[in-house]
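J.: I'd like to go over a predicted model; first the sequence, then the structure.
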Amino acid sequence: MEPPGAVQAHRPLAQVLRIFDLLPLSVSSIGPVFSVAATGGVMAAEAGWWTLPAIALLAVPFLISSFVFRLLNRHFPHAGASYHWSRRVMGQRVARYQAWILILAYFTSIPPIAIPAASYTLALIAPGYRAPPVVQLALSLFWIGFAAVPLLLGARPTAQLTKVFFALEMVSLGAFAVVGLANLHRLAVPVHFGHFPVGGVLVVAVIAATVLDGWEIDSYAAEESRRPSKDPGLSGLIGAFLALGFYGVLYPLMFAETPMRTLAGSRDPLSVWAHRLVPGYHWAMLVPILASTAGGLWLTTYILTRALYAMGRESLVSPAFARTNRARAPHVATLAVLGATLAVTALETLVGSLAGFFELVLSAAGFFLLAEFFLDSLTCAVFLTTGHRRLPDVVLRPHTHRLLRVGAITSSTMMGALMVLFFVYGPKVIGGGIDQALAVMLLLGLVFAWATGRRVREAVRFRGHDTVEPVTPST
C-alpha cells in the first residue's frame, strides 16, 4: 500500500500555448475593469485623491517584479513558478513556506471574485431586485461552474475563451475612455487632495496588490507554453505595463468626473461614473464588468491549480493534485479549488454569523499577494547575488544583471516595509482583528512547512531517491 506522500504516475501538461495566447491571459487575469469596480469605492473612501499616489507607490515594486519574473522564467520555467524558483534558489524549507503563502494569496482572491459575479449578474438582468441569499448563491454557483468548463477542457480552450472576454473588455474600456475624455470639460469636478491620510494610503497600497497582480499567470503556464524559456515572463512583462496604463486612464477619469463623496464606499463606482457619462445607459458598464469578473475567476483559479499540480507532482501536497484528465488539465486540483470556493461562498452568503469572519479573512488577499511578490523579489536578489553559484546547471554572468539585482533588493525592501506597516495601520482602517488573523495564518505556514516536509521525506524513502525532482519542460 502506498504511503500518503507517494508520487503517482501522471501525464505532463500539454505544451500548446503561444505568445499570442499568453498575452491575453496575462492582461485578462489582471481584470482591469473588475479591479476598478471592486476596489475603487474602498480606495476612494480610504484615501480619496491620494489613491493615485498610493497605486503609483506600489506600481514601482510590481513593475520591477515583472522583470524579476522574466529572468526567473528564463532559467527555471515551471508550473509551480515562484514556489519552484524558491526551491531552486532558497532551498526546500523556504520553498515549503512560500508554497503556503502562494496558496493563501490566490485562494483568498477567488471567493471575492465569485460573490461579486452574482451581484453584477443580478444588477444586469434584474436591476432593483433584492435577491435572497439562496438566489445569490445559485448565481455564484453558475459562474463557478462556468469557470470549471474551460479549465477542465485544457489550456488551449481556456486561452481561446479568454480571448473573447478579453476583446469585449478592451473594446468597452476604449469606448468609455473616449467618452470620458470627450466629456471631461462638462463633468469635471474640483480636485481636492486634502490632508495626507497615512493609514488610508498604506492600506490602499496593500489593496492595490489585488489590482496590479494577475499578469504573472504566464509564469504558471510555462509548462503549457511551446517556448517555456522564452515566452513566459515576456507576456507578463507586457501585461504589467498595460495594467498600469489602464489604471493611469481609468482612475483619474473616474475621479475627475464623479464627486468623491458618491464614489466613496460604492460597491460599483464604475457604474456611478457611467451614469454620469451616459445617463440611463449605465447598465452598459455592467457588461464589461461581468466579462472581466468571469475571466478573472477562471484565470485566478488557473494559477492556483497549476501551482497545486506542481506541488502534488513533488509530493508537497496530495499526489492526486498532479493527475491530469484526457485534455491534460489538472482536473483534481481544479475541482478541489472550485469546490472549496463554493463552500466558502455558501458559508459567507447563507450564514450571517460567519459573513464578517470571511470578509475579514478574504480582505487579507492583498497582503498575501504582496507577501508572495516580496518573496519572489527576495529569491531573485539572492539568485543574482549568491544563489547561482550553488546551481551547477545555471549559466549566469552577474555583471549583466546588476541593475535588476538592485531593483530586486529595492522591490523586496518596499514590499516588506508595506507589509510591516500594514500591521500598524490595517486595524485602524479595516477593523480590529485583521492583524491577529494575518498573524495566525502566517504562523500556520510554519505548521504547513513542517507537515509537508515530513510528507516529502516519506515519499523520498518510498521511492528510494534522494530528491523528488520534477519533469523539466522542453525548451
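T.: Good, I have the coordinates.
J.: show me what contacts L187?
T.: Applying Cβ atoms under 8 Å, 6 or more residues apart in numbering to L187 gives the contacts A256, E257, T258, R276, L277. C-beta: built from backbone N, CA, C; applies to glycine.
J.: other SSEs contacting the longest helix belonging to the chain?
T.: The longest helix of the chain (DSSP state H) is helix 434-463. Applying 3 or more Cβ pairs under 8 Å, 6 or more residues apart in numbering; DSSP states H and E, we find helix 434-463 packed against helix 92-107, helix 352-362, helix 402-429.
J.: Extract the residue ranges of the stretch 301-450 of the chain that are flagged as low pLDDT.
T.: Within the stretch 301-450 of the chain, the set of residues satisfying pLDDT under 70 comprises 352-362, 387-390, 392-400.
J.: switch to 90 and redo it
T.: 315, 347-366, 384-402, 421-437 (pLDDT under 90).
J.: Deepest in the core, which of the helices and strands packed on helix 434-463 is it.
T.: helix 92-107 (a mean of 22; mean count of other Cβ atoms under 10 Å).
J.: Which elements pack onto the next helix-or-strand element following it?
T.: Sequence-wise, the next helix or strand downstream of helix 92-107 (DSSP states H and E) is helix 111-125. If you count contacts as 3+ Cβ pairs under 8 Å, 6+ apart, helix 111-125 packs onto helix 32-47, helix 133-153, helix 286-313, helix 331-350, helix 352-362.
J.: one step back: tilt between the longest helix of the chain and helix 286-313?
T.: On the basis of axes from the mean of the first three to the mean of the last three Cα atoms, to 10 degrees, helix 434-463 is oriented at 40 degrees to helix 286-313.
J.: what comes up buried for helix 434-463?
T.: If you call a residue buried by 16 or more other Cβ atoms under 10 Å, then helix 434-463 has these buried ones: 434-435, 437-438, 441-442, 445, 448-449, 452, 455-456, 459-460.
J.: okay, those residues in TSV with distance to R93 next?
T.: Below are the buried residues of helix 434-463 laid out as TSV (distance: Cβ to Cβ, whole Å):
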residue	distance to R93
I434	28
D435	26
A437	25
L438	21
M441	19
L442	15
G445	11
F448	12
A449	6
T452	10
R455	14
V456	11
A459	16
V460	15
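J.: Would you mind measuring from P77 to Y97?
T.: Computed as Cβ to Cβ, to the nearest Å, the P77 to Y97 distance reads 23 Å.
J.: Could you do A114 as well?
T.: Taking Cβ to Cβ, one finds A114 at 27 Å from Y97.
J.: Please verify my assumption that R88 contacts L391.
T.: Yes: using Cβ atoms under 8 Å, R88 is in contact with L391, at 6.5 Å.
J.: which of those two has more neighbours?
T.: R88 (19 against 14; other Cβ atoms under 10 Å).
J.: Let me know the pLDDT of the residue nearest to the more buried one when sequence neighbours are not counted.
T.: Spatially, and ignoring its direct neighbours in sequence, R88 is nearest to F76 (5.6 Å; Cβ to Cβ, 6 or more residues apart in numbering). Per-residue pLDDT puts F76 at 92.
J.: my read: F76 touches S86, true?
T.: No: look at F76 against S86 with Cβ under 8 Å: they stay out of range, at 10.0 Å.
J.: Now the helices and strands packed on helix 111-125 in CSV, please, with extra columns for distance to S219.
T.: Below are the helices and strands packed on helix 111-125 laid out as CSV (distance: least, Cβ to Cβ, whole Å):
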stretch, distance to S219
helix 32-47, 19
helix 133-153, 18
helix 286-313, 9
helix 331-350, 17
helix 352-362, 24
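J.: Between those helices, which one is closest to T108.
T.: helix 352-362 (5.3 Å; Cβ to Cβ).
J.: Could you check the angle the helix or strand hosting G366 makes with helix 111-125?
T.: Using DSSP H and E, G366 falls within helix 365-385. If you take the same axes, to 10 degrees, helix 365-385 sits at 130 degrees to helix 111-125.
J.: shift numbering so it begins at 3
T.: In the new numbering, first residue 3, that becomes helix 367-387.
J.: Helix 367-387 packs against which elements?
T.: helix 53-77, helix 84-91, helix 94-109, helix 200-209, helix 211-214, helix 404-431.
J.: low pLDDT regions in the stretch 53-202 of the chain?
T.: Checking the stretch 53-202 of the chain against pLDDT under 90 turns up 59-60, 93, 113-114, 117-118, 121, 125-133, 135, 170-172, 174-179, 185-202.
J.: try it again with 80
T.: Scanning the stretch 53-202 of the chain for pLDDT under 80 picks out the ranges 130.
J.: Could you list which residues are in contact with S268?
T.: G42, G43, A46, V274.
J.: How about residues contacting the host helix or strand of the last one?
T.: Same thing as V274. Per DSSP H and E, V274 falls inside helix 271-279. Residues from elsewhere that reach helix 271-279, judged by Cβ under 8 Å, 6+ apart: 35, 38-39, 42-43, 46, 125, 178, 181-182, 185, 189, 255-256, 259-260, 264-265, 268, 283-288, 291.
J.: picking up where we left off before, so the residue nearest to R90 versus G341, what's the distance?
T.: 31 Å.
J.: Can you verify H194 is assigned to a strand?
T.: No: checked against DSSP: H, G, I helix; E, B strand; the rest coil, H194 lies outside a strand; its state is coil.
J.: Assess the claim that it and W51 are in contact.
T.: Yes: under the criterion of Cβ under 8 Å, H194 is in contact with W51, at a separation of 6.7 Å.
J.: what residues are shared contacts of the two?
T.: Common neighbours of H194 and W51 (Cβ under 8 Å, 6+ apart) are M262.
J.: More neighbours: which of these two?
T.: W51 (16 against 8).
J.: burial measure for the closest residue to the more buried one other than its chain neighbours, as a count.
T.: Among residues not flanking W51 along the chain, F195 sits closest, at 4.6 Å (Cβ to Cβ, 6+ apart). Neighbours of F195 under the rule other Cβ under 10 Å: 12.
J.: can you give me phi and psi for F195?
T.: phi -80, psi -40 (degrees, to the nearest 10).
J.: Contacts only, for it.
T.: Taking Cβ under 8 Å, 6+ apart, one finds G50, W51, W52 in contact with F195.
J.: between these, which is closest to F144?
T.: Nearest to F144 among the contacts of F195, with distances taken as Cβ to Cβ, is G50, at 36.4 Å.
J.: That closest one against G196, yeah?
T.: Yes: in this structure G50 lies within contact range of G196 using Cβ under 8 Å: 6.4 Å.
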